[in-house]
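S.K.: Give me a model of this one.
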Amino acid sequence: MEFIVPFGVSLFDERRPLKDAPGAYAVHRACGPVEARFEVTTWDRHVSVLSSFYRWVVAEGYAAAEPFTYAQAKTLYGDQFRDRRINLAIRRRPKAHVTIKYLEEDFEALFLKALAGLTPEGEEDTGYRGR
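M.R.: As a prediction, this is how the structure comes out:
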C-alpha cells in the first residue's frame, strides 16, 4: 500500500492501474536498491498473499478484478491430471542443476585469450585453428 500511494493508485482501483503498480513494485524489489531487493521465495510469498487478498476483495465485491494475470496449466500427479491457474507474477526459481557458476578471474582471462587465439602470455598462438 505504501508503495502504490505515490502512483495515485488505491487498493480498490480499476484493474489497469492496479496491474501497473505491482509491476513497478516488482521492478523495485528485483532491480532497485540492494536493501530493497527480495529473494525469489520472498517475492513469491508476497504475491501469494496479495493474490489471496484480491481474490477475497473480488468475491466480496470491493473490486471488479484482480491485478494479476493468470495462465491455465495442467499438472500431473501420479495418474491424475488437474487444471490449475498459475499467477504470472510468480518468479521462476532456477533448478539446482542449472545455477550459474562463474569463472575465477585468472581462469577467465586465460580462457578469453585462448578463444582469441592467444597464448597465456598474450602472444599469437601459431597452433590455433579457430573455435
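
S.K.: For this protein, give me the ranges with low pLDDT.
M.R.: Filtered on pLDDT under 70, the chain yields the residue ranges 98-100, 131.

S.K.: What segments of it are strands?
M.R.: Along the chain, counting by DSSP state E, strands occupy 70-77, 80-87.

S.K.: what's the closest of those strands to Glu35?
M.R.: strand 80-87 (26.1 Å; CB to CB). Every residue, glycine included, has its C-beta placed from N, CA and C.

S.K.: Name every strand pairing with the closest one and say which way it goes.
M.R.: When pairing is defined by DSSP bridges, strand 80-87 lines up against strand 70-77 (antiparallel).

S.K.: List the contacts of the partner strand.
M.R.: Counting by CB atoms under 8 Å, 6 or more residues apart in numbering, strand 70-77 makes contact with Phe81, Arg82, Asp83, Arg84, Arg85, Ile86, Asn87, Leu88, all of which sit outside it.

S.K.: Same check on stretch 30-46?
M.R.: With contact meaning CB under 8 Å, 6+ apart, stretch 30-46 is reached by Ala26, His28, Arg29, Ile90, Arg91, Arg92, Arg93.

S.K.: ok, of these, which come out buried?
M.R.: When burial is judged by neighbour count using 16 or more other CB atoms under 10 Å, the buried members of those are Ala26, Arg29.

S.K.: can you list the contacts of stretch 30-46 in TSV and add distance to Val47?
M.R.: Rendered in TSV, the data for the contacts of stretch 30-46 read as follows (distance: CB to CB, whole Å):
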residue	distance to Val47
Ala26	9
His28	14
Arg29	10
Ile90	6
Arg91	8
Arg92	12
Arg93	13
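
S.K.: which residues sit in contact with the residue nearest in space to the middle of the chain?
M.R.: Taking CA atoms, centre = their mean as the criterion, Arg91 is the residue nearest the geometric centre of the chain, at 3.8 Å. Contacts here follow CB under 8 Å, 6+ apart; on that basis Arg91 touches Ala30, Val40, Trp43, Asp44.
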